[in-house]
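Colleague: Please work out how this folds:
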Amino acid sequence: MRSLAGLAERYYPALYSVNTVGLVNEFAEQMKKELDFRMEANNLRRFCAEFRRYDTIHVPEVYMDLCTRRVITMEFLDGINISDTKRLRDEGYNLQLIARRGAILVSGLPSNTVFSMLILILVILSFCLTTL
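Modeller: As a prediction, the model looks like this:
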C-alpha cells in the first residue's frame, strides 16, 4: 500500500497535497492497534462494566491472563443461534421482539471494530433471550 501511495503521489501530483503516503501509514498504525486483542479484551471489560447493572444482559467474562495480541479468551455463552428461527419459534421466542430490541440496542451503542460488533451481537442475543 505504501508503494502504491508513493506511486500515486509521484504520477498524480494533485494527490501530494492529500498526503496519501501519510494516510496509508496512519491506517497501518491504527490497524495494528485494532488487531491487538488485548485492547479488545479491555474494551469488553469496559463494556461489561457499563451493563453490569442490567440483570437481563450477560456480557461474557474475559480471562485477561489468557489473552494475548492474537488471542482473546472469554466465557462460553450457550444459547440458540439467531439464524435458527425454527427452534426459536418452537421454544416460544418472539422473533419480532428480538429484532426490535436488537435494533434499539445497536442504534444506541458505538463500536470501533468488527470484533466489538460481534461481542455486541452476543450481548444483544443474551439480552433478548433472557428477557422473553
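Colleague: Look at A5 and say how many residues are nearby.
Modeller: By other C-beta atoms under 10 Å, the residues close to A5 number 19. Every C-beta, even on glycine, is put in place using the N, C-alpha and C of the backbone.
Colleague: wait, R45
Modeller: 15.
Colleague: Verify the contact between it and P60 for me.
Modeller: No. Counting by C-beta atoms under 8 Å, R45 stays clear of P60, with 10.6 Å between them.
Colleague: Give me the contacts around the helix or strand encompassing V24.
Modeller: Assigned by DSSP states H and E, V24 belongs to helix 20-34. Helix 20-34 is contacted from outside by M1, R2, L4, A5, G6, A8, E9, M39, N112, T113, using C-beta atoms under 8 Å, 6 or more residues apart in numbering.
Colleague: As JSON lines, those with distance to K33, secondary structure and pLDDT would be great.
Modeller: As requested, the contacts of helix 20-34 are exported to JSON lines (distance: C-beta to C-beta, whole Å; DSSP: H, G, I helix; E, B strand; the rest coil; pLDDT from 0 to 100):
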{"residue": "M1", "distance to K33": "17", "secondary structure": "coil", "pLDDT": "72"}
{"residue": "R2", "distance to K33": "18", "secondary structure": "helix", "pLDDT": "74"}
{"residue": "L4", "distance to K33": "22", "secondary structure": "helix", "pLDDT": "76"}
{"residue": "A5", "distance to K33": "20", "secondary structure": "helix", "pLDDT": "74"}
{"residue": "G6", "distance to K33": "23", "secondary structure": "helix", "pLDDT": "80"}
{"residue": "A8", "distance to K33": "25", "secondary structure": "helix", "pLDDT": "75"}
{"residue": "E9", "distance to K33": "25", "secondary structure": "helix", "pLDDT": "77"}
{"residue": "M39", "distance to K33": "6", "secondary structure": "helix", "pLDDT": "86"}
{"residue": "N112", "distance to K33": "10", "secondary structure": "coil", "pLDDT": "50"}
{"residue": "T113", "distance to K33": "10", "secondary structure": "coil", "pLDDT": "49"}
